[in-house]
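*Asks:* predicted model, plus sequence, below.
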Amino acid sequence: MNTTTTITPRTGGQILVQQLITHGVKQLFCVPGESYLAVLDALHDAQIAVTVCRQEGGATMMAEAQGKLTGQPGICFVTRGPGATNASAGVHIAHQDSTPMILFVGQVARNAKGREAFQELDYRAVFGTMAKWVVEIDDPARVPELISRAFHVATSGRPGPVVIALPEDMLTEAATVADAQPYQVTETHPGPAQLAELAQRLQGAQRPVAIVGGSRWSEQAVRDFTAFAQAWSIPVYCSFRRQMLFPATHPCYGGDLGLGVNPKLLARIKASDLVLVVGGRLSEVPSQGYELFDIPTPAQPLVHIHADADELGKLYRPAQAIHATPQAFAAALNGVRPTSEVPWQTHAEAAHAEYLAWSDPAPIRIPGDLQMGQVMQHLKEVMPADTIFCNGAGNFATWIHRFWPFTTYASQLAPTSGSMGYGLPAGVGGKRLWPEREVVVFAGDGDFLMHGQEFATAVQYGLPIIVVVLDNGMYGTIRMHQEREYPGRVSATQLKNPDFKAYALAFGGHGERVERTEDFAPALARARASGLPSVLHCLLDPEAITPTGTLQDIRSAALAKQ
């Protein structure tokens with residue numbers, strides 16, 4: 001007997017929300033606006049947790065953080081015009097960090113377009129260079145089609161952000177249309193011949209190394225690649241702010257290719273005779289200003305594995321290019337094992353010993369009463385290994401990247417784009433996703449106030465994150481460069497800060513002021529016990545600009561060159 005499924009008319013807003021549910025969305029972030037009231041109304045009865053944020057940049061960063069942790073598109077809604085431009089910071093992060101994210105933006109009514117109506121923008125022009133795809137949905141009947149495409153685009157190849165503009169009258173217009181099927185992520189696998197060639201290259205090497213980076217990894221992929229590295233005794237280095245891709249405690253781990261990198265690490269990579277780049281692009285920071293490897297043909301034979309074929313050979317001509325996702329490639333490596341004992345085991349052991357010496361906070365001494373080396377040592381002793389560490393941009397981030405041993409996948413939220421203000425909203429996004437995990441945010445004083453208002457979001461939703469604010473009264477990274485290039489000529493880098501302890505208390509959170517090393521441990525314990533979002537206001541000597549150098553050192557060296 002034939003049966004007919006009756007599809008009832010729904011508004012564009014109702015159709016859109018149902019597509020989110022169909023594609024597995026459980027959470028989204030927003031700053032409300034009148035341009036998408038019909039979506040907000042449809043969300044009223046939907047089983048989607050909505051986090052209301054205080055600024056659109058923070059909202060998109062929270063969505064990006066969830067996309068980074070899960071590999072599924074983070075979802076954000078903002079209003080048109082100023083809301084969209086505020087949100088662009090998070091879109092840029094998702095683009096440079098290869099993170100799947102979908103940003104929905106309100107748009108003026110269709111009959112007002114092209115007249116420079118109130119808050120009107122051409123979203124294809126505004127976001128065209130920082131998003132994988134930008135589309136405006138003019139017909140509610142096409143919502144299932146275009147939302148489905150958005151999920152596929154955001155997660156395919158090299159993941160990234162998609163921006164969808166929603167004319168407000170389209171959202172209230174009714175249409176009769178079926179829902180799309182749930183999206184599926186496509187994995188690209190290496191072929192047997194490629195794996196055989198890789199094994200042959202490894203067997204013929206004497207000093208191979210591997211660099212892991214990018215996105216489209218998983219906990220299982222990290223385990224698979226770790227087993228591969230163990231079998232071959234290959235030193236493994238993590239790309240910039242991707243330390244969660246290989247356990248720091250593993251005897252093959254050699255450190256990370258970030259800012260202020262270990263010179264011995266660079267020397268070992270330059271002396272290698274085979275380099276495996278898995279998942280990453282070798283962009284400006286991990287390539288050390290594009291000087292670590294020659295362009296277009298590196299001196300070292302390069303095996304480049306990437307999920308997007310367009311990235312293979314884009315900058316570096318590889319000796320072998322493998323078009324595969326990190327997950328599929330790592331799984332296939334279970335069948336790639338040495339046929340005889342590898343001759344370079346001491347090579348891996350030395351690389352790990354160099355990392356251990358570089359990352360030991362015990363000998364670090366900086367100016368002032370608060371010794372960050374001892375702070376990091378205490379965090380290593382008391383915080384769980386799966387703590388999610390978050391940071392924005394600034395010299396302060398060195399304390400995490402150099403001295404915290406990342407051992408767990410999905411435990412790091414840091415922008416490879418170098419965006420200030422990322423840490424706090426990322427911490428909110430991480431804690432909202434996994435409330436059982438501890439979340440620690442490191443922020444500089446300038447960095448924190450880029451999105452400090454999102455501390456209110458943490459309080460509103462009862463998210464007991466811990467924010468460690470390192471206050472040196474200036475934009476420290478810029479001051480460091482200023483002293484290097486224009487010694488003694490301080491300009492536009494000094495800051496007068498509030499009492500961040502009082503700031504936390506004013507929002508309804510927990511606050512502590514930390515001026516001395518011995519203050520930190522009890523302050524951290526009280527913050528963790530409070531059950532509230534907390535700020536530890538840590539006062540740093542302005543001279544303590546890096547773990548191993550002072551502003552005076554930099555100034556004196558610059559003056560000596562004049």
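*Replies:* Received it, and whenever you're ready, just let me know what you need. Quantities reported herein were computed from a predicted structural model and do not represent experimental measurements.

*Asks:* contacting residues for the nearest residue to residue 113 once chain neighbours are set aside?
*Replies:* Residue nearest to residue 113 in three dimensions, not counting chain neighbours: residue 120, with 6.9 Å by CB to CB, 6 or more residues apart in numbering. Quick note: C-beta positions are derived from backbone N, CA and C, even for glycine. By CB atoms under 8 Å, 6 or more residues apart in numbering, the residues touching residue 120 are 80-81, 107-108, 112-113.

*Asks:* so residue 413 versus residue 388, what's the distance?
*Replies:* In this view, residue 413 and residue 388 are 6 Å apart by CB to CB, to the nearest Å.

*Asks:* which residues do the two both contact?
*Replies:* By CB under 8 Å, 6+ apart, residue 413 and residue 388 have these common neighbours: 69, 427, 430.

*Asks:* got any ranges where the protein has weak pLDDT?
*Replies:* For the chain, the stretches with pLDDT under 70 are 1-5.

*Asks:* need the shared contacts of residue 413 and residue 388 in JSON lines with neighbour count and distance to residue 508, can you?
*Replies:* Below are those laid out as JSON lines (neighbours: other CB atoms under 10 Å; distance: CB to CB, whole Å):
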{"residue": "69", "neighbour count": "23", "distance to residue 508": "26"}
{"residue": "427", "neighbour count": "31", "distance to residue 508": "17"}
{"residue": "430", "neighbour count": "28", "distance to residue 508": "20"}
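
*Asks:* which of those sits closest to residue 478?
*Replies:* Within those, the smallest distance to residue 478 is 23.8 Å, found for residue 427 (CB to CB).

*Asks:* host element of the closest one?
*Replies:* Using DSSP states H and E, residue 427 maps to helix 423-433.

*Asks:* tell me what angle the helix or strand containing residue 59 forms with helix 423-433.
*Replies:* Assigned by DSSP H and E, residue 59 belongs to helix 56-70. For helix 56-70 against helix 423-433, the angle by axes from the mean of the first three to the mean of the last three CA atoms, to 10 degrees is 50 degrees.

*Asks:* packing partners of helix 56-70?
*Replies:* With contacts defined as 3 or more CB pairs under 8 Å, 6 or more residues apart in numbering; DSSP states H and E, helix 56-70 has these neighbours: strand 27-30, strand 74-78, helix 82-96, strand 101-107, strand 412-413, helix 423-433.

*Asks:* look up phi and psi at residue 388.
*Replies:* phi -90, psi 110 (degrees, to the nearest 10).

*Asks:* quick one: contacts for it?
*Replies:* 69, 410-413, 427, 430-431, 434, 437-440.

*Asks:* about what we covered before: can you give me the angle the helix holding residue 59 makes with strand 101-107?
*Replies:* Using the same axes, to 10 degrees: helix 56-70 against strand 101-107 is 150 degrees.

*Asks:* how about helix 56-70 as PDB, C-alpha atoms only?
*Replies:* Extracted in PDB, the C-alpha atoms of helix 56-70 (Å, rounded to 0.1, in the frame of the first residue of the first chain):
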ATOM      1  CA  GLU A  56      29.800  38.800  18.600                       C
ATOM      2  CA  GLY A  57      33.500  38.300  18.500                       C
ATOM      3  CA  GLY A  58      33.400  36.300  21.700                       C
ATOM      4  CA  ALA A  59      30.400  34.300  20.400                       C
ATOM      5  CA  THR A  60      32.200  33.300  17.200                       C
ATOM      6  CA  MET A  61      35.300  32.300  19.200                       C
ATOM      7  CA  MET A  62      33.200  30.100  21.500                       C
ATOM      8  CA  ALA A  63      31.800  28.400  18.400                       C
ATOM      9  CA  GLU A  64      35.200  28.100  16.900                       C
ATOM     10  CA  ALA A  65      36.600  26.500  20.100                       C
ATOM     11  CA  GLN A  66      33.900  23.800  20.000                       C
ATOM     12  CA  GLY A  67      34.600  23.100  16.300                       C
ATOM     13  CA  LYS A  68      38.300  22.800  17.200                       C
ATOM     14  CA  LEU A  69      37.600  20.300  20.000                       C
ATOM     15  CA  THR A  70      35.100  18.100  18.200                       C
END
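
*Asks:* tilt between that helix and strand 74-78?
*Replies:* Using the same axes, to 10 degrees: helix 56-70 against strand 74-78 is 170 degrees.

*Asks:* tell me the SS of the residue nearest to residue 113?
*Replies:* Following DSSP: H, G, I helix; E, B strand; the rest coil, the label given to residue 120 is coil.

*Asks:* quick check: the gap between it and residue 80.
*Replies:* Residue 120 sits at a distance of 7 Å from residue 80 (criterion: CB to CB).

*Asks:* what do those two both touch?
*Replies:* Counting by CB under 8 Å, 6+ apart, the shared contacts of residue 120 and residue 80 are 107-108.
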